[in-house]
Every structure is written in C-alpha cells, then in structure tokens.
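Peer 1: Output the structure for:
(chains A and B)
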Amino acid sequence: MELSDANLQTLTEYLKKTLDPDPAIRRPAEKFLESVEGSQNYPLLLLTLLEKSQENVIKVCASVTFKNYIKRNWRIVEDEPNKICESDRIAIKANIVPLMLSSPEQIQKQLSDAISIIGREDFPQKWPDLLTEMVNRFQSGDFHVINGVLRTAHSLFKRYRHEFKSNELWSEIKLVLDAFALPLTNLFKATIELCSTHANDASALKVLFSSLILIAKLFYSLNFQDLPEFFEDNMETWMTNFHSLLTLDNKLLQTDDEEEAGLLELLKSQICDNAALYAQKYDEEFQPYLPRFVTAIWNLLVTTGQEVKYDLLVSNAIQFLASVCERPHYKHLFEDQNTLTSICEKVIVPNMEFRAADEEAFEDNSEEYIRRDLEGSDIDTRRRAACDLVRGLCKFFEGPVTGIFSGYVNSMLQEYAKNPSVNWKHKDAAIYLVTSLASKAQTQKHGITQANELVNLTEFFVNHIQPDLKSASVNEFPVLKADGIKYIMIFRNQVPKEQLLVSIPLLINHLQAESIVVHTYAAHALERLFTMRGTNNTTLITAAEMAPFVEVLLTNLFKALTLPGSSENEYIMKAIMRSFSLLQESIIPYIPSVITQLTQKLLAVSKNPSKPHFNHYMFESICLSIRITCKANPDAVGSFEEALFMVFTEILQNDVQEFIPYVFQVMSLLLEMHKNEIPSSYMALFPHLLQPVLWERTGNIPPLVRLLQAYLERGANTIANAAADKIPGLLGVFQKLIASKANDHQGFYLLNSIIEHMPPGSVDQYRKQIFILLFQRLQNSKTTKFIKSFLVFINLYCIKYGALALQEIFDSIQPKMFGMVLEKIIIPEIQKVSGQVEKKICAVGITKILTECPPMMDTEYTKLWTPLLQALIGLFELPEDDTIPDEEHFIDIEDTPGYQTAFSQLAFAGKKEHDPVGQMVNNPRIHLAQSLHKLSTACPGRVPSMLSTSLNAEALQYLQGYLQAASVTLL
Amino acid sequence: MSVENEHSERMKKFKNKGKDTAALRRQRMEVSVELRKAKKDEQMQKRRNISVTSIDKSLSPGEDEASEVQLSLEKIVQCVNGSDPELQLLATQATRRLLSRRKDPPVNEIIRLGIIPRLVEFLTYADNAPLQFEAAWALTNIASGTSEHTRAVVEGGAVPPFIFLLSSPHMHISEQSVWALGNIAGDGPLYRDVLINCKVLPPLLALVSPVTPIGFLRNITWTLSNLCRNKNPYPPLDAMRTILPVLTSLIVHEDKEVVSDSCWAISYLTDSCNDRIQIVVDTGILPRLVQLMDSPELMVMTPALRAVGNIVTGTDEQTQAAIDAGLLGVLPRLLQHAKPTVQKEAAWALSNVAAGPCHQIQQLITSGLLPPLVEVLEKGDFKAQKEAVWAVANFTTGGTVEQVVKLVQSGILKPLFNLLLAKDSKTVLIILDTISNFFLTAEKLGETDRFCLMVEELDGLEKIEALQTHDNNMVYRSALNIIEKYFSMEESAELQPGTTEDGLFYFSVDKEDHNF
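Peer 2: Modelled structure (predicted):
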C-alpha cells in the first residue's frame, strides 16, 4: 500500500463508513480495514490522516483506529509472524511523540495510549530515545505539550505500582529515574511557581493544576517499588511543596459541580496517597515530615464540605489518619484530649451524617444502598472511613473516645426527641456512632462477635431501637426503621434472646413496609436470626417458639415479593428458604398455597433469569417443600410432580440454560422419593437424558450424572427390561466422561452405579469393552484422580462379581494383565485412595483377591500375595498419601473424587452415606482376619509360611492385632 | 535467582508440602540493581587517609601549616620526574597533601599528570623511607577513589611493591601499605584475587601479633575483611582457609573496631554457598558470633547479625548449629530493636529458621519468638514486616498442624491480614499463599468453617475480596481462588446442622456453573 493520495482517499471513505449506524454499511467497511491492516504503510496512512485530514471526525476516527491497530498488532508473539513490518515500526516510533504533542486533546489521548502500548513492548531497549524526547519537551514551556508528555509518562510508569520486584523492572526504573527524576523535580518547582504568578488566571491555573496532578501521580509510581536515592535526597523539596499544596485553596479552582471532584480535590487526594505511601513504606526517612502532614490533613478534613465531590479526598485523608494513629510511635500526635475531641467532633461526626446523597440512594437506588450498607462494599465511603478512624483511635484511646462520643450520642438523641420529624437524621447518626463504636469484629454470618464493653447495647436497644419498630406505622421514618432493623441484625449475638423474640413479630410486620430497604432488611434480619445457633448445635430460635407466627410470617414473606421493586428480591427468597428449614413440618398446612406461588414465580422468572441468587434460593425452597412434605407423607410426591412437571417441561423445551441443572436435581430428588418401581413418566424422559447435546454443557454433567444414578438405583430392572436398547447410549455417556480429565470421576460414578444396580446379564456383553476403555485411558493419560477412581471401581467390581471374575476379565484382555495391574497399580497406589467408603470398598475388594482367588495361591501371581497384603495393611494403618506429581498441579483437581459427588449426596441427604458394601462388612480389619482364617483352613500351613517369609515386622504386628480382635488363628 | 523464579520455586514447595523445606531458605537477595541510597551501616569499601592520627607524626615531617610548601601541578611533575631526592620528597609530599584535602581532592588531575608510575617507583627506594612513605600515602588516597582511580594505581604496577613493603622495617610504611592494599582489595573480586595471587596473605598475616599496636591492627583487620569481601567469584578457598584462623583470634580481641571488621569479614565469607558456610561453622566461631549479636555496640552487632543471618540460610544442620549457639535467645531483643535495619535482619534470620524442619520450628516456639514476631508484623518497620511475612509463610509451610495452631493462637492473623493492604505486590501475594496454608491446616482439623469465620471477623475477608480487583494478575488470581474455594458456598456450612438431624435440605450446585 503506497502512501498516495488515492490510498488516503480510499481509506477516508472506509473510515467514514465505519461510523455509519447501518450495520450493512459499517460491517463490510470494518472487515475491509481488518483485511488490509497487514499491508505495509497502513499505519502510516492512518497517522497521515489523523494529522492532515480536512474533516475532524476522520481525524478522530483515524486516531482510534490507529490505537486499536497498535493494540492488536504491536506485540510480537513468539512463533507467530511479525504483524507490523519493521520500517513501519521505526517510522511510527520516530513520529508518534511529536504528532501526539501537536494534536488536539481528543486525538492526543488516543496517541498517548498507543505510545504506552508500544512502550510496554519496546521501552526501554527498543525505544532508547523516548525518554530524552519526552524530557526535552519539558523545556517547551507549553503546558499543553507538557501535559501530553506527563500523561504518556504516567501510562508508561504506572505499572511500577503493581509489578513484582525483578532485576529487569528495577533496571528500567533506574534508567527512568536517571533521565526523568531531576527534570520532573524541576518541572514540579517551576509549575508551582507559575501557579503563584498566575494565581488570578483561572484558565492558566487549570492547565497548571492538571500538570501538578500528573506530576503527583508520577511521583507515586516512581516511588512505589523502593525509595529512590534521588527522591530521598530531594525529599525536602517534594514534601514541603506537597504540604503547602495540601493547605492551598484558590477560589478560582473551586467548582460548582457537587458530584464531580475538581482539580484541587484530585490533587489533594493524590498527595494524601503519596504521604500514605511514604508513611507505610519509608517511615524511617519520612518521620520528620509526618507530623506536619497529620496536622495539614486533619485541618483539611475540618474545612472540607459535605458534597459528594469531596468524597474520595475525604476518605483518603481519613484513611491516612486512621493508618497513622495505630502506630505506637505516633500515638503522641493524638493523645491530647483536645486533639481527640476535635477529631471526634470535627472529623468523625460530620462524616457519619446521613447526607442528601444517601437519602437519594435510599429511596431511588435501594439495591446499591443495600449492597453498600449491608454487604460492606463501602470501602471508599466517608462513613466507612470515619468508622475505621474510630476503630483505629480505640486501639490506644478506647476510654476517652467512647466518653467523647457518648456525650454526642446523648445530645443527638435529645435533638431528635425535641422534634423527630425534623431531626430524625440526628438519631440516624447516633445509631451509626453507637454501631461503629461498639463493633470490634463483625462477620456476615454472626454479626458483631466482639463488642466494646463501654457501650450498653441492650439498654440502647430497649430504649431507642424498639420504640421505633413498635410504632404503629411501618412506613414512617423509613431510614430509622432500617437503622433499627440493622441494629438487631448486627448485634444479634449481644442482645439477649428474649429481646430477639420480642423483635421477631416486629420484623415480620416490617416485611410489609413500602420502602424496599426496610422490607429487605426485615427479611434479611429474620433470615440471620433463624441461622443463629443455640446450645447443642441446634438453632437458637426453635420451631416451637415460632409457632404463633408461622402463618403471618409466610404470608408476609410472599406478599413482600409482590411489593414494587422486590419481585426478585434475593433477601426475601433466602428468608423463605430459611423459614422453611427452621419451621419444618409446621409449614405443611401451607404447602399447597406455597408451592403454587413458587411455581408461578418459577414460571415468571424462567422467561428471563436474571438474579442468580434469587433463583438459587427459589429452587432451594422448592426442594425443602418436597422433602418436608414427603417425609411426613411419601405419597405427596405425586402432587409435586403434577405441580412442577409442566413448568419443568417448558424450561427444558425452551432450553433455559440457567435452570436446567436445577431441574435435573429436583427431578432426582422427586425420583428418589418413589418407593416402588420407576414411574412411566420418568421412563419416557430417559432416552432424552442420553442426548449428547445435553452433555456438551459442563454445568449439566454433575446433576445429570446424579439423575442417571437415581434412575439406576430405582429402575435398573425396568431399564434392563424395557429399555435395553438404551444401554449402549448410557455407556456412551460413560465413555464420553471417562475421556476427559476433568469429568472422569463423574464417569466412574455412573459406572459404579451401573455395576452396583444393573442385573449382571444386561451388561455382560459390554464388560470387556469397559475395561479396555479404562486401560486405554490409563495408558494414555494417567492422573492421580483417575487412578483413585479406577481403584475404587475395580474393587467394587470384585465385590460384586467376585475376585475370580476380576482376574479372568483382566487376563482375557491380555495374558498376565491381572498381575501387572496388581504390581503396577494396586500395590503402589492404594495408599492414595481417600474417603471412608472408598477405603472400605478397596479393603473388602483386596481381601477377596487375597482369599477368594485361587490363582493368587498357585500361579506366578503367588509372589504378589504378600506385597498385596502388606499394601492392604498399609491402607489400614498408614496416613493417606496425598502427594500429587508436579506435572498435575495445573490440572483442575478441585473435584477430588469421592464415591459420591456433592450432587449424589443430595439423594441421601438426611440418610446415611451410601455404602455399597454396607452391612456385609462392618469392620474391614476383622473381615480380613476372618477371611484369612478361612483361607488358612482350606490350605493349612500355606498362609503362615507366606507371612513369615516376606511380610515386614510392623505389618505382621498389626495383622496379629486383627487376628486377635477377631479371635481367630491361622493354621 | 530472579523474583519470579524464586516465587515459582516457593509455590512448588507449597504444593509438595513438607518435602524439601530446606529449599525455602532464602539467601541474602542478590540485588544487582538498587534504587536506594547506599546504606550507611554497610562497612566502608575504601577509605582515604586524611589525617596522620594513626601514624607517628615525627615520622612525617612538615605537617604543620607554616612549613607547607605550595607547588603548582607543573612543578610537581617536574620535581617528581627529576632526580633531586629533596625535590622528589617535597613534590610527593605536596601531592599527598592535595590528595588528603578534606574536600574535593583533585584525584583526576593528579592521575592525568601521569606521575603514578613514578610514585610506584618511589615505593622501592628502600634507602629513602620518608619518600617511600609519602608515595605510599599518596597512592593509598588515589586508590581510595572510584574504580577508575584504583585501576590507575594497580596498572601503575603498585601491587608488588606494596606487598613487598608489608615487610618493611618501618612500621608506618608497612601500615600505609596495608591500607593501600585494603583499598585495592575493596575495589572488587578482580583486584582482590590479583592480590591473593601475588601472595599478599603470608606477609599480611605475619603482621598480626600480640604486640601489634591497636591502630595498626585495625587497619590489618579491615584489609583482611576486604580480602574476604565480594562474590562472583568468591575468594579462593585456600585463601579463605588461611584467613579464618586469624579471624577467629581477632574476633575475641577487646577492641570493638577490630571485632567489628572481623565480623564483617565473617559475614562476607558466609554470604555464600553451604560448603563455605560449613568451613566457617567448622571453626567453632558461632557461639562467639551469637554472643556479639547481643553486643550493645551497633558496629559490632550489625555485622555479627549479618553473619549469623547468612549461616541460617544454610543446611538444617548449619541452622541447628546457630540455634545451639543460642541464636533464638538473642533474636527477640533484636526484633524489637529501634533500628529498622536490625529488625529487618533479625526477621530475615527468623524466617530462615522457620523454613527448617518442624523440630526447629518447635524450638522457635519454645524460645518465645512468636510474640515478638507478631509485634514486628503489627508495628515493625515495613522492611521488617516483609521479612516477618516470609517467616509466617515458611512456618505455615513446614510446621505441623499443632504448630500452626499455636501460631494462630499467638494472634498472628490480625496483623497479617492488615498487611494485605501493603503497597507491595509480592508481600501481598505471599500473605495470600500463607492464608491458603492456614486453610489447609484448618481442613485437616475439620475447622474450615471456624477459620473462615476468623478470617472474616478479623477483616481479612473484605481485604481479600478487594484484592480481586488488584492490577497484578497473580495477586488477583490468588485472591479469587481463596474466595471461590472457601467463601462462595456460604450456605452449605450454615445448613449442616440440619442435615445431621432432621434432613434439612441443601440444594447444591457446582460453583463453576454460576457466577454469583
């Protein structure tokens, strides 16, 4: 592609088309540009256009296209072709800096981004003159140019803030410091000087302050990894100026905007960050400056207003104080009573006040408000910062601080009492103060777990919280209601149980409040109270205590879901779930109505599932309804199927991906509730479950495996009789799963169920193939997880079909295969098997091989008899071998195989763990002793002689213990 | 070892827990790039002789200002190159005086005069002791400058005559030569080995005797320490073996400067591979070093701490030798030392003990080191806090379940979690790894839920959550892993009581399926 006018013209036209709103025009143009971007000169054509085009929109479009082109293509990936030709690379690097600096701001930003992308790859080695080129511009005196340089430098250097120390990184930083630190310092000084000469020129000041902000950011990046020698030597210059900038104010720089932070605020917050960096990392060197900064920063706080635009500055500033006041050697800066009082009064209290912006969020953006207030995503808020400062101060000054605040709380409550409707915000602040003062440790699960002993929480609760919640109108002063409910929630472990019981009907009542925050908090508080533990590991609040409220609780919870804005409120749904699990059989009378409402809800949200938590709890609630009802009346399962299957069919037909795994699990649960043969409605579905497309989605695999396991458990005979032609399909699923390192354990779950439940005749013809498949996998990609599952499987097989059958099937695949498996896999790896049931299966299986397999006694396999016994004793006595070979660390081993998945545990939830060996063998050690005894009576003398020749002494000792316990001897 | 390597090495160890904890020990960081100012508490590599305090004034005539002769540089060249011994002495003395000026000695100018070979020649004028002395002094001060400067002296051929002068009958000349050779040795491994190959050691070591004046002995010790100093390569093994017996006698001297420089020498020799550490340990010097770590003199304690710190980077047995010498009894005081670098070195040593087998970790516990460790984490200087984090990380990697429980009980968690806010990605990552280790222990005890609770109570959870948006990829992934693994299934734990008794239902869905 030549650098010709014709090409420029063509490119202009295509660029124009990429801006067209009509995709029919836009897409082809984008495709075309992509197809030619590999040509030489393409980037240079773009640069020419962004500089010289007559039309501004083309300039901007060219600059964006250029940046994206650089982003996609600049990096040279090993083993891939270089996507930009070398001469273009050189030309770009030679021209881009001056071009960026002479461009208008909109284009400058794009080019600056492009430079930092190139810089990330090429700087410093392949772009040695970049730094000098940038530094030289500092002398230009043109702050438009200077800001361009600073912005580019910032995007090049900011990675120093998060990368790990390395020689490469530090060499680069050193290079940058050598070239950049002094000019930057000089520029800093010069800029500050210009600020005072232009103190009355608003537009000049704006440009200069933008520079100062960038300079302060660069300072942060350059000082992040370690304190550079240059900055240590020049600390006086920087810190003195930073300090005076913190205290500076200029009316011309104040903005009218209440929301957006102005230049002055941005600069001061960055300076707070810089001071915090030095205080944390370079305390020794920074100590002489620190007290000055503490004073300046708290003066700043005292004089800064309530507007949202100051939020970042204020919270940064408070956090700085909070981190300093915890350090023992700065304690003295705070300990004076007047200082403490002034910090409490002028810094903490004002920042805890409920502001107009909070009120707005409470009403109009309740979801965000709740998230911030309840879930602690408030890290950057003022209230949160103020709270942290309270906690920091309490470390050394708990008594005085509590004293100061108690006075405040009282006076604020008095203000409120004088005229509640006007002064309700005072009470809000009082509650907030008490909360932050009292809480030392807090968790979502338990609320406050440690409280400050100086605050009487119960007294405050009875005198100031309960009255609000008892008031006749649930809609009056919604913020105070929310505060009160939150108070119960977080101090639930401090307030005595009888007070909580008094609160429960109040909370239930507030489920009806119109305010989303209030009824959400009420639901959440109830949910939290229901999870509290009492003595004996039972719930603190019992179903009996809740008996009088069951109806109103359920009614209000479901009604709350109909309030505006709460139709998919996850807190309410979670409270429903929790209520079911607490109330158990007392919900049964209400189930018909409950299940109708839940199915309607399910139908409604399945149109467009958007709240995963809500959906999750909804399915939990459905399952609880089924379990609780069917436990009392097993026949009720039919009515659930009637209510749910229609919706389920719709979900499956419409392929609502989010819900399908849930549906499979509910179906498993329902199927398992049947005591008799599998109903025909399920059998009709069976072939569909084997459809490969369902198995392509990883999320379906665990619940589908579980569902098939339920089919096998309940309907193995039906399948063998009525759906024998589907058995290959079923095994096909097994084959697919076994092929994957991530899902092979699921394949084994399925296989184990087949072996355990299917009538042997129905799978006879496939057995050999199954083993061959397993051997192939063992040979091609053996992992620890696979071996563990494999060991469990072959032992289960041995238990089910007999040891001789196991030996025969191995040796029919390949002569002497059985010996090889014993020697190479079972004996060396058995130690890795984990899980009680799994170990038991292996123990019983191996015992069978030792004692019920004649070839073990009289062929060449005999030499493996003692080692196998030794391995079995090891399985009983040695700690589990949980080492994993190096190369397997990166395989996803999260699903360490258990005999049952987390999913199949559902099937037996509330029952005992499923143990296929079951009562057949109670104690595998005794079982081993008895089996050996039996063997030794069959061939007297052989067993003791095999033991005495090669079993090691320790193992022998254990074995003697087993024999003794079983009261048998070997002949 | 680069940081990345070091980290992946460590990661490997975490996963092969308990397999080869010796590899957790961290050598003194090989920093080829330094951003910081050179530290004041390092030993001087080169020194200029600007006064005559250590040398008898009577032997150096004309020291008083009045008799000082001002010569122009041209005149100096002329006189030095001339044949008049009087003028030679005068000019050499003038040169030496210029070079001994407190501020800005004109070293480069003097080198440019090209008189170095001539000054070297004067060193061999055995019949003119004053001239020998002045030349030696001048050359000493040239060699005390930059590497360029030192090179000029060495390339001027000064090494053999200086070594010869070690045995000069005039003590002040011998002493000045020791000093000059010290400067040359201090330049780096190259010249150090040049000296050793020129057989500097026998005459130098012969100067050490019970009657050697203290000032002289200090100079000798300092020069010896420079002969032990620097790596890449390390000093030759036989030189090390020759020097060590002398050092073991110097280190018990009553003069603190002699002791200090002896300790520095040992610290250089131990900043090395385990084989060399073994040679030092075999001398039986460890108890003395540990004793000196407790010295009230900073100049003695600093290098002694460094030397012992280096030794505990070695094998388990070498570390054990330091423990047996009483190291753990001294560390608590050093961890609380007012000087941040001392805290840091002590915490580093502690981290290397914690990297040992669990019986050493046990000794660490019984010696009462957990409370000071917690204190360093809580309010130590940042450099010391970083080392303390490593100590905790190593402890949780190699410690037994009971030991890790002890660590938790000591109150380590709160300050450890606070450091998740540290402005240093590496430290944050190590803490996250450590938290995973704690979880592994908790799992073994069946106390995962309780530990989750502790993490949350101590404000660890919100910090880990916040790290999920960290700019450093490894940090963010590590934080995400912890959250996903331990904190995303809040329900299961809560519903458990139900499942044991009444069959409360838990509807479980694989967490991979949903983006909650």
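
Peer 1: what about B:D282, neighbour count?
Peer 2: Summarising burial for B:D282: neighbours were counted as other CB atoms under 10 Å in any protein chain shown, giving 11. C-betas here are computed from N, CA, C, even on glycine.

Peer 1: Spit out the contact partners of it.
Peer 2: With contact set as CB atoms under 8 Å, 6 or more residues apart in numbering or on different chains, B:D282 has no partners.

Peer 1: so what's the backbone phi/psi at it?
Peer 2: Comment: the main-chain dihedrals of B:D282 come out as phi -60, psi -20, following degrees, to the nearest 10.

Peer 1: what does A:E37 give?
Peer 2: Dihedral angles phi and psi of A:E37 (degrees, to the nearest 10) take the values phi -70, psi -20.

Peer 1: Could you list the low-pLDDT ranges of chain B?
Peer 2: Applying pLDDT under 70 to chain B flags the ranges B:1-23, B:29-32, B:39-41, B:51-69, B:489-516.

Peer 1: What are the boundaries of the strands in it?
Peer 2: Taking DSSP state E, chain B contains no strands at all.

Peer 1: In it, which residue is most central in space?
Peer 2: Chain B has B:R306 as the residue nearest its centroid, 5.3 Å off, counting by CA atoms, centre = their mean.

Peer 1: right, and that residue touches B:K344 too?
Peer 2: No - contact status for B:R306 versus B:K344: not in contact, 10.9 Å apart, counting by CB atoms under 8 Å.

Peer 1: re earlier: identify the residues contacting the residue nearest to the centre of chain B.
Peer 2: Residues counted as contacts of B:R306 (CB under 8 Å, 6+ apart) are B:263-264, B:267, B:271, B:345.

Peer 1: got a winner among those residues for most neighbours?
Peer 2: Scoring the contacts of B:R306 on neighbours with other CB under 10 Å, the highest-scoring entry is B:C263 at 32 neighbours.

Peer 1: Distance to chain A added to the contacts of B:R306, as CSV?
Peer 2: Rendered in CSV, the data for the contacts of B:R306 read as follows (distance: CB to the nearest CB, whole Å):
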residue, distance to chain A
B:C263, 23
B:W264, 23
B:S267, 22
B:D271, 18
B:E345, 14
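
Peer 1: nearest residue to A:F293 other than its sequence neighbours?
Peer 2: When the adjacent residues along the chain are set aside, A:F293 lies closest to A:A275, with 4.8 Å between them (CB to CB, 6 or more residues apart in numbering or on different chains).

Peer 1: And for that neighbour, the neighbour number?
Peer 2: Applying the criterion other CB under 10 Å, we find 26 residues in the vicinity of A:A275.

Peer 1: again with B:L458
Peer 2: The burial count assigned to B:L458 is 18, neighbours taken as other CB under 10 Å.

Peer 1: Was I right to think it contacts B:F417?
Peer 2: Yes - using CB under 8 Å, B:L458 makes contact with B:F417 at a distance of 5.3 Å.

Peer 1: related to what we said a few turns ago, quick one: contacts for the residue nearest to A:F293?
Peer 2: When contacts are counted by CB under 8 Å, 6+ apart, A:A275 touches A:242, A:290, A:293, A:297, A:320.

Peer 1: what do you get for B:Q403?
Peer 2: In this structure, B:Q403 makes contact with B:358, B:361-362, B:365, B:395, judged by CB under 8 Å, 6+ apart.

Peer 1: one more time with 7 Å, if that's ok
Peer 2: Under the criterion of CB atoms under 7 Å, 6 or more residues apart in numbering or on different chains, the neighbours of B:Q403 are B:358, B:361-362, B:365.

Peer 1: what ranges do the helices span in the stretch 351-500 of chain A?
Peer 2: A:356-364, A:366-374, A:382-418, A:420-438, A:457-460, A:466-470, A:478-490, A:497-510 (DSSP state H, counting those that start in this stretch).

Peer 1: Output these in JSON lines, with mean pLDDT appended to each entry.
Peer 2: Written out in JSON lines, the entries for the helices of the stretch 351-500 of chain A read as follows (pLDDT from 0 to 100):
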{"stretch": "helix A:356-364", "mean pLDDT": "88"}
{"stretch": "helix A:366-374", "mean pLDDT": "85"}
{"stretch": "helix A:382-418", "mean pLDDT": "87"}
{"stretch": "helix A:420-438", "mean pLDDT": "87"}
{"stretch": "helix A:457-460", "mean pLDDT": "88"}
{"stretch": "helix A:466-470", "mean pLDDT": "92"}
{"stretch": "helix A:478-490", "mean pLDDT": "93"}
{"stretch": "helix A:497-510", "mean pLDDT": "95"}
